[in-house]
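Engineer: Provided below for reference: sequence and predicted model.
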Amino acid sequence: MYSTPVREEELRRLGQRLGLRIHNLTLFDRALTHSSITAETGGPALDYESLEFLGDAVLGLAVAHYLFESAPERTPGEYSRMRAVLVNRRCVARVGQKLDISPSIRLGRGEELSGGRDRTALLADCMEALIGAVYLDSGWLMARDFVIRMFQDEFDRAHELDQAWDFKSRLQNYCQSKRIPLPQFVLVRSEGPDHRKEFEVEVVLRNAPMGRGRGTTKKEAEQNAAREALEQEGVRFE
């Protein structure tokens, strides 16, 4: 699909910069080609959209795999929260921007003039398509390692946010700063079979109920109850 020696060299340099040994240049050219280019080529040009669909799934699995290994014994809710931080468009676009993939994206003239090259959505889509290309070109292990290498700063940031989202500790620190008794967490309800049990916990502040939380573990229910109590106290999280 790449049409000139200049494009071929551009893709090979990109692969070298990203630490990739590219076997199928057409895949990577496609991952970095926007549909607007078809208006200028006069024929059907394969764009990144299908690869972006695949890359999104590969990214989600790679992130889940990394979190499961690097943050053991977390609840499904905690894993889901951390993964959501890592696979949203802003995060993926930040990685694409850091890797400077934008100059290698082929755009139609209209899309170029309208600032498409700098759009968060387009950059995130191409980054996911690039991950899809790595998966098809080199397999799962290489794609997983590529995601871990390229997203390492975002993983570190997610772990920092995860610590900031420890609502139970934040509520205890809040109580200490306000010189009020530490919160009490009371198990209100526990029901369901062992493999699908649900817990409900109530948090008490100043001898009054201030919030309730549910979860598949007692720990998760306590975190959710603490968050509600902090919201009732007017504490901001962002």
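Structural biologist: Received, thanks.
Engineer: start to end distance for stretch 135-145?
Structural biologist: 10 Å (Cα to Cα, to the nearest Å).
Engineer: ok, residues contacting it?
Structural biologist: 20-24, 27-28, 51, 54-55, 58, 61-62, 65-66, 131, 134 (Cβ atoms under 8 Å, 6 or more residues apart in numbering). Every residue, glycine included, has its C-beta placed from N, CA and C.
Engineer: buried subset of those residues?
Structural biologist: 20, 22, 27, 28, 51, 54, 55, 58, 62, 66, 131, 134 (16 or more other Cβ atoms under 10 Å).
Engineer: so the nearest residue to the second one once chain neighbours are set aside is in which element?
Structural biologist: When the adjacent residues along the chain are set aside, residue 22 lies closest to residue 15, with 4.1 Å between them (Cβ to Cβ, 6 or more residues apart in numbering). In this assignment (DSSP states H and E), residue 15 forms part of helix 5-17.
Engineer: now the strands for this protein?
Structural biologist: Applying DSSP state E to the chain gives strands spanning 184-191, 198-205, 208-215.
Engineer: packed most tightly, which of those would that be?
Structural biologist: Most buried of these by mean neighbour count (mean count of other Cβ atoms under 10 Å) is strand 198-205; its value is a mean of 20.
Engineer: which strands and helices sit next to that strand?
Structural biologist: Packed against strand 198-205 by the contact rule (3 or more Cβ pairs under 8 Å, 6 or more residues apart in numbering; DSSP states H and E) you find strand 184-191, strand 208-215, helix 218-232.
Engineer: which one of these lies nearest to residue 97?
Structural biologist: helix 218-232 (31.5 Å; Cβ to Cβ).
Engineer: so for the closest one, what gets flagged as buried?
Structural biologist: Neighbour counts over helix 218-232 (16+ other Cβ under 10 Å) mark 218-230 as buried.
Engineer: how about JSON lines for those residues, with distance to residue 188 added?
Structural biologist: Below are those laid out as JSON lines (distance: Cβ to Cβ, whole Å):
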{"residue": "218", "distance to residue 188": "11"}
{"residue": "219", "distance to residue 188": "15"}
{"residue": "220", "distance to residue 188": "14"}
{"residue": "221", "distance to residue 188": "9"}
{"residue": "222", "distance to residue 188": "11"}
{"residue": "223", "distance to residue 188": "15"}
{"residue": "224", "distance to residue 188": "12"}
{"residue": "225", "distance to residue 188": "9"}
{"residue": "226", "distance to residue 188": "14"}
{"residue": "227", "distance to residue 188": "16"}
{"residue": "228", "distance to residue 188": "13"}
{"residue": "229", "distance to residue 188": "14"}
{"residue": "230", "distance to residue 188": "19"}
